[in-house]
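Enquirer: Sharing a sequence plus its predicted fold:
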Amino acid sequence: MHACKPTICVIIPFYQLTPEPLIRAIQSILAQEGVARPQVLIVDDGSPVHARKIVEAHFPGHEEHIRIIEQTNAGAAAARNAGLDKVPESATYIAFLDSDDEWTANHLANALRMFEMGCDFYFADHKRSEWHDGKFNLLGFSSDQHKCLDKSAGLYEYAGDILFPVMNDHLIQTSTVVFRNSAMQGIRFP
């Protein structure tokens, strides 16, 4: 990878009873289009199924891009913080992906597009299999109220007070978050 290209570090807190969710999560990272392969930090939070064994069995040859951090179970916030503590200095951007979530193929490319336009923090819509629609539509979140930065990709700059939709409606799901590392130094999960 060239030094001038931005690098992305993905943090995955991991505690699962079966390997399948992590396999799907990693596959969604490897399927990202339009971006250099990210560095992946999987924080095995004392999981009954060991992340190292899953990666060795299902992703041989990816050791350069996937690193396992093992710790005693302390919960998702502590696992994310452990990952943040191990982010390489070369990482321009940090993304989160829960071990039972998956990204669309353009997730990281959309985030990078927003960063090129001067944004420091990116989040996207999310949908659970049991929902009939994405979270933004379920909450009545209207793009008309926000500045359009790229209509073809559906990218908007959030405008207004974000506190109420975040605190009351859980608008932002951690697995959709990507941020500029230099803008969020020292931020940790409570």
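Expert: Received the coordinates, thanks. Numbers count the residues shown, from 1 in each chain.
Enquirer: What segments of this protein are helices?
Expert: 20-30, 51-58, 76-85, 107-116, 135-138, 163-167 (DSSP state H).
Enquirer: Lowest-scoring secondary structure element of the chain by mean pLDDT?
Expert: Using mean pLDDT, DSSP states H and E, the weakest-scoring helix or strand in the chain turns out to be helix 163-167, at a mean of 73.
Enquirer: ok so, going back, if you average pLDDT over each of the helices of the chain, which comes out lowest?
Expert: Looking at those, the lowest mean pLDDT belongs to helix 163-167 (a mean of 73).
Enquirer: residues making contact with it?
Expert: With contacts defined as Cβ atoms under 8 Å, 6 or more residues apart in numbering, helix 163-167 is touched by L139, F141, L171, I172. In this view, the C-beta of every residue, glycine as well, is placed from N, C-alpha and C.
Enquirer: how about a cut-off of 6 Å?
Expert: L171, I172 (Cβ atoms under 6 Å, 6 or more residues apart in numbering).
Enquirer: so how far is it off the chain centroid?
Expert: 20 Å (Cα atoms, centre = their mean, to the nearest Å).
Enquirer: residues of that helix that come out buried?
Expert: Neighbour counts over helix 163-167 (16 or more other Cβ atoms under 10 Å) mark P165 as buried.
Enquirer: Then stretch 20-33?
Expert: Neighbour count says stretch 20-33 has P21, L22, I23, A25, I26, S28, I29, Q32 buried, by 16+ other Cβ under 10 Å.
Enquirer: any low-confidence regions in the chain?
Expert: 1-6, 168 (pLDDT under 70).
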